[in-house]
Structure formats: structure tokens, C-alpha cells
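K.L.:
Could you work out the structure for the sequence below:
(one chain, ligands or ions: 1)
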Amino acid sequence: MGSGYDIGMSHDPIAESVLAFLREQDPEAGAILAAETERQATTLELIASENHASPAVMHAMGTCFTNKYAEGYPGARYYGGCVHHDELETLAQERAKRLFGCEFANVQPHSGAQANAAVFLAMLKPGDTFASLELSDGGHLSHGLKVNMSGKWFNPVHYPLHYDKGHERFEQIDYDAVEEVCREHKPKMLMCGYSAYPRVIDFARFREIADTCGALLMADIAHIAGLVAAGVHPAPFPHCDIVTTTTHKTLRGPRGGLIMTNDADLAKKINRAVFPGMQGGPLMHVIFAKAIAFGEALKPEFKAYQEQVVRNAKALASALAGRGYRITSGGTDNHVMLVDLQPRDAGLTGADAEQWLEQAGIITNKNGVPQDPRPPRVTSGLRLGTPALTTRGLGEGEMVLVAELIDRVLGSKGDEGICTQAREEVTQLCGRFPMP
Ligand SMILES: *Cc1c(COP(=O)(O)O)cnc(C)c1O
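P.N.:
Numbers count the residues shown, from 1 in each chain. Take a look at the predicted model:
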């Protein structure tokens, strides 16, 4: 953009000196970091799975904890010199347990998909059946996509949302269908928790259904972990046997995964599946950042933040609905919404919308809506989320502005002049809400 991010828009002097240092050490790589820093500072991040981590979390990842091998677990390592790594991993575990109210936490998975893969490795045998939401209705690729390990080596069966327009729970989880799928297929494991689902998940109801077929109940709270930690979404414990999550979405930590349980036997199997089953050395610098993020999430400010995330999502959804867009399921209870573009403009695709908005500095992702007539690379919808904008301090008033900007760009069908004008307004708005 050439608006000269360099120094001044950040509230983080350490990040600024690190950037200056890296530009000196390696101008070629440093320039790429400078450009990305400016991109993040001057655009509106509406991707529901992204956030802006705190300076403490960011800098924790750039520490000497990256230098060390610590294969194994605290007190049982395969390398010498792990005394502080034991202290650190134990601290991260203790904070995770306190945050989610459980007995055992494995903080080593490198990502959310790795955490899920470790659960499959620990709990199922190749060919075993498990149940999850239809992926096109908001499920994650690690819940049984054909080309993912979960769909290739195991046997996924899927439950749908309510598709009946007249139903009061239209486009929400159809618990009767979950029950039906479990009765018919007797899955060994029942999964809940999603990537594009704007409503509350009833974990107690899932428990009842899992018990009718003797299935293990697993919740993947990758998206809603921050809301759960803050008590803004109901907790999966004590209903679920196993809970996995990412640490970088609403939880606002470093990129990573986490697996939790209350059952000592399951915990043993999970630990063995993560290491040595799936991974070698843990990313101890990331575990350091996880510990710090969990510490932040235990503070009262974090609850206030998550409450604002939800208020902002409701404000954005209702402003968009007021401009003729359809919000699937009629609204949102959490941080995410699915915007069906068809009622606003039957010819408008998610792919075009994503591209035009990016021209204007509004970063989103195209996403299929339930029973979308268009293929996944095109789609008729956008998935929007408020975690990142809320971290920057935008409130409900700004959500109305954001909805207006989105509608102006999409209504113009990506007109260059309109996008350029919107881009300038976005940069100005960003200037009022600096990065953490
Ligand atoms: C994001 C997500 C994941 C995967 O996380 P990665 O860290 O990208 O591997 C897993 N499950 C759900 C439900 C997600 O939304």
C-alpha cells in the first residue's frame, strides 16, 4: 500500500525493534515481514478462525525455548537439560486444566488437525466408524474428508442440519438425525464441534445420544474455545469424554493444538498417540506461548473480550440482514456468521465477494451455505467472524460501518473506484484501532 507502516501504528515497541533488526540482518526476508505487518495493520480481519495474539504471546514464540529437544513428557524426557521445559510444560498443562475444568491436558499437538488425528490414533482402529456433521454443513476437514486421514483410513458417517425451511431450528443441528445416524451405524465415536456453525452446541444432548449406542463423545471446540473458556458458551465438560481445540482462534494464543479429558485411561492413550504416535519433539517455544495465552484467558478482561466478540457478531449480522443479506439459521449466538449472498444478489458468488472485499482491505473467506447450489471453490456465501476486530477494539457502532462498507463494495460488483475509496476508509478506520 506504500502508506509507510514502518513505525508508528503499532503499540508494540518490541515488535518494531524486532522488525528493524530483521530488516538489517536479512533485508530480503525482513521486507516480507514489513509488508505483512503493514497488511495486518491496515486491513479489517473478518476471517472467523483468525485473531491478533497479544505482544506477550507473540514474543514468547521468539525465545530460546525453540532451541531444545524435549521428546517425552514432564519428568519422563528422552533428552537431558529439560528441567525448565518440565516446569514450563507443567505450567501450561495446569493452566489449561483450570481454564477448561478438566483433569488431564496434552499441550503438545502442533495444530488442531494434529490433535484430532492423535485422538483417532488413540481411540479407533483403521476402518472403525465415527459420526460427525456433514462437512458441507460446517464440519472440519479433519472430521472425515475423503482425502484426509480421517476419511481415508476410518469410516465417517454424517449427520445433517435441519433442512426444512419451516422448522424452527432450520439450519441448526438436527439432534433427531444425530440419534438416527447413531442407531443405524453404531459409531465408536461421536463428534461435535464445527468450523462454520453459528449456534450453541448442546453437549448434554450429545452425551445422551452417545450413550444410546455406547459411543465415545468427542468435542472439537477449535472455534469456540475462547468463548468456552470465558463461560460465554456452555462447557463441553463434564459431558464429553475427549475435547480437542486449536489455541489460535478465539482463544487468541499461538498456532497450536490441545487435547483434554477427565479419564486417566484415555489420557494415557492420548499421550502415547501424540508422542511417539504422531509427533517427535514438542514445539516448546509454542508451548511457552500457550502457557502465556492460557494465563491471559484466565483473567477477567478475557471474559469481557469474549462478551464483546458475541455482541459484535450479533450487531454485524443484524446490520447485514438489514441490507438484504440472509444470515443462515437466522442469526448467531457466537463469534461467527454465515452470510448467504443470494437474496441480496442472485448472481453474486462467495468467490467474487471475497476477492472484491480484499481489494477494499476487508479480509473474509468464501464459504458454502447449507445446501449451497454452487461448488466449494465458488459458493454462495461468506463466513465472517468478529474475534480479530474485537481484539483491536472495534465495537457495535463500528460493526454497522463495516456492514455498510461490505455492502457498498458488493453492491458495486467490485467497481474499481468504489473499492479504492473503501480501501482508504478501511485504512483510516484501522488507524483508529491499532494492532495490540
Ligand atoms: C480450525 C479447525 C481445526 C484445525 O486446526 P488447524 O490448526 O488448522 O489444524 C480443527 N477443527 C475445527 C472444528 C476447526 O475449525
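
K.L.:
Now for Ala219: which residues touch it?
P.N.:
191-193, 201, 203, 206, 236, 239-240, 242-244 (Cβ atoms under 8 Å, 6 or more residues apart in numbering). Any C-beta I mention is one placed from the backbone N, CA and C, and that applies to glycine too.

K.L.:
Also His223?
P.N.:
His223 touches 48-49, 193-195, 197, 249-250, 334-336, counting by Cβ under 8 Å, 6+ apart.

K.L.:
can I assume it sits in a helix?
P.N.:
No: counting by DSSP: H, G, I helix; E, B strand; the rest coil, His223 is not found in a helix; it is coil.

K.L.:
With the ligand as the reference, measure out to it.
P.N.:
According to Cβ to the nearest ligand atom, to the nearest Å, His223 and the ligand sit 5 Å apart.

K.L.:
ok, that residue to Val310 distance?
P.N.:
His223 sits 13 Å away from Val310, going by Cβ to Cβ, to the nearest Å.

K.L.:
go on, Lys290?
P.N.:
On the measure of Cβ to Cβ, Lys290 and Val310 end up 24 Å apart.

K.L.:
With neighbour numbers in mind, choose between the two.
P.N.:
It is Lys290, of Lys290 and Val310, that has more neighbours when counted by other Cβ atoms under 10 Å, with 33 against 19.

K.L.:
Could you point out the helix or strand that follows the host helix or strand of that one?
P.N.:
Remark: Lys290 resides in helix 284-297, with elements defined by DSSP states H and E. Following helix 284-297 in sequence order, the next helix or strand is helix 300-322 (DSSP H and E).

K.L.:
For the residue nearest to Glu71 when sequence neighbours are not counted, report the pLDDT, please.
P.N.:
Distance criterion Cβ to Cβ, 6 or more residues apart in numbering; nearest residue to Glu71, sequence neighbours excluded, is Tyr78 at 4.3 Å. On the pLDDT scale, Tyr78 is placed at 97.

K.L.:
Look up how far the ligand lies from Tyr78.
P.N.:
Tyr78 is 25 Å from the ligand, by Cβ to the nearest ligand atom.

K.L.:
Tell me who's in contact with that residue.
P.N.:
69, 71-72 are the contacts of Tyr78 under Cβ under 8 Å, 6+ apart.

K.L.:
Can you tell me which of those residues is closest to the ligand?
P.N.:
Glu71 (21.3 Å; Cβ to the nearest ligand atom).

K.L.:
tally of neighbours for that closest one?
P.N.:
With other Cβ under 10 Å as criterion, Glu71 counts 16.

K.L.:
list the contacts for it?
P.N.:
So, once contact is read as Cβ under 8 Å, 6+ apart, Glu71 ends up touching 77-79, 275-276, 280-282.

K.L.:
Going by neighbour count, which of these comes out on top?
P.N.:
Neighbour-wise, the contacts of Glu71 (other Cβ under 10 Å) top out at Pro282, 25 neighbours.

K.L.:
Leaving out chain neighbours, which residue sits closest to it?
P.N.:
Pro282 sits nearest to Gln108 (Cβ to Cβ, 6+ apart), 4.3 Å away.

K.L.:
That neighbour contacts Ile287, doesn't it?
P.N.:
Yes: contact criterion Cβ atoms under 8 Å: Gln108 and Ile287 qualify, at 7.1 Å.

K.L.:
out of these two, which sits in the busier spot?
P.N.:
Gln108 (31 against 25).

K.L.:
Distance check, the more buried one against Met284.
P.N.:
Gln108 is 9 Å from Met284, by Cβ to Cβ.

K.L.:
Show me the common contact partners of those two, please.
P.N.:
Joint contacts of Gln108 and Met284 (Cβ under 8 Å, 6+ apart) are Glu89.

K.L.:
number of nearby residues for Gly397?
P.N.:
Quick note: Gly397 (other Cβ under 10 Å) scores 9 neighbours.

K.L.:
Please see if stretch 171-184 touches the ligand.
P.N.:
No: on the criterion Cβ under 6 Å from any ligand atom, stretch 171-184 is out of touch with the ligand, staying 13.9 Å away.

K.L.:
can you list the residues that contact that stretch?
P.N.:
With Cβ under 8 Å, 6+ apart as the criterion, stretch 171-184 contacts 131, 133, 157-163, 187, 190, 192, 197, 199, 201-202, 205-206, 209-210, 212-213, 215, 328-330, 370.
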